[in-house]
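Undergrad: sequence unknown, structure follows:
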């Protein structure tokens, strides 16, 4: 039975949410699966990925073939690297402890990159809000200035019209 590691779509129209599953290659996309390995939510920035790395490595070692997107996700979370390191341990290239150190160093580096991206996104969002606030303040100041000028014009026109003339014309009528 050929096994694939693939995405199974859930969620609603326009808001996809995927389960990462190990399934028989002949089963339907959203059909029966053998094991749920994780979940993937592309709606967030950066995308949220929950993955059982050890479960994915177990399936990869048993011969499961990931689809292109699933391979990218497994690679992003380190399951492909851990599988590669496990192959090196089986061949005797290095010990289990060395493999675990390499994997942990890779995870730490990856976490630093993700945190840097989140910080950059938060900073860009804060900058955009600050620019919007500055633009709104400028518009409000311009509006207030225009209103003040309009009030002065109304006061000047009221002063220019003689009050006595208007009263005299009212009495004549």
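TA: Yes, it's here. Every value quoted in this text rests on a predicted model; they were computed, and no experiment measured them.
Undergrad: burial measure for residue 39, as a count.
TA: 17 (other CB atoms under 10 Å). C-beta coordinates here come from the backbone N, C-alpha and C atoms, glycine included.
Undergrad: likewise residue 1?
TA: Residue 1: 6 surrounding residues under other CB under 10 Å.
Undergrad: quick one, what contacts it?
TA: Counting by CB atoms under 8 Å, 6 or more residues apart in numbering, residue 1 makes contact with residue 24.
Undergrad: Could you do residue 28 as well?
TA: Counting by CB under 8 Å, 6+ apart, residue 28 has no contacts.
Undergrad: any idea how far residue 19 is from the most centrally placed residue in the chain?
TA: For the chain, the residue nearest the mean C-alpha position is residue 45 (0.8 Å; CA atoms, centre = their mean). To residue 19, residue 45 is 20 Å away according to CB to CB, to the nearest Å.
Undergrad: do residue 54 as well
TA: Counting by CB to CB, the gap from residue 54 to residue 19 is 17 Å.
Undergrad: Show me which of those two is the more surrounded one.
TA: residue 19 (18 against 10).
Undergrad: Quick check: beta-bridge partners of that one?
TA: Assessed by DSSP bridges, residue 19 has beta-bridge partners residue 8, residue 39.
Undergrad: what's near enough to touch it?
TA: Residue 19 neighbours (CB under 8 Å, 6+ apart): 7-8, 10, 33, 36, 38-40.
Undergrad: who does the helix of greatest length in the chain touch, helix- and strand-wise?
TA: The longest helix of the chain (DSSP state H) is helix 96-160. Counting contacts by 3 or more CB pairs under 8 Å, 6 or more residues apart in numbering; DSSP states H and E, helix 96-160 is packed against helix 79-91.
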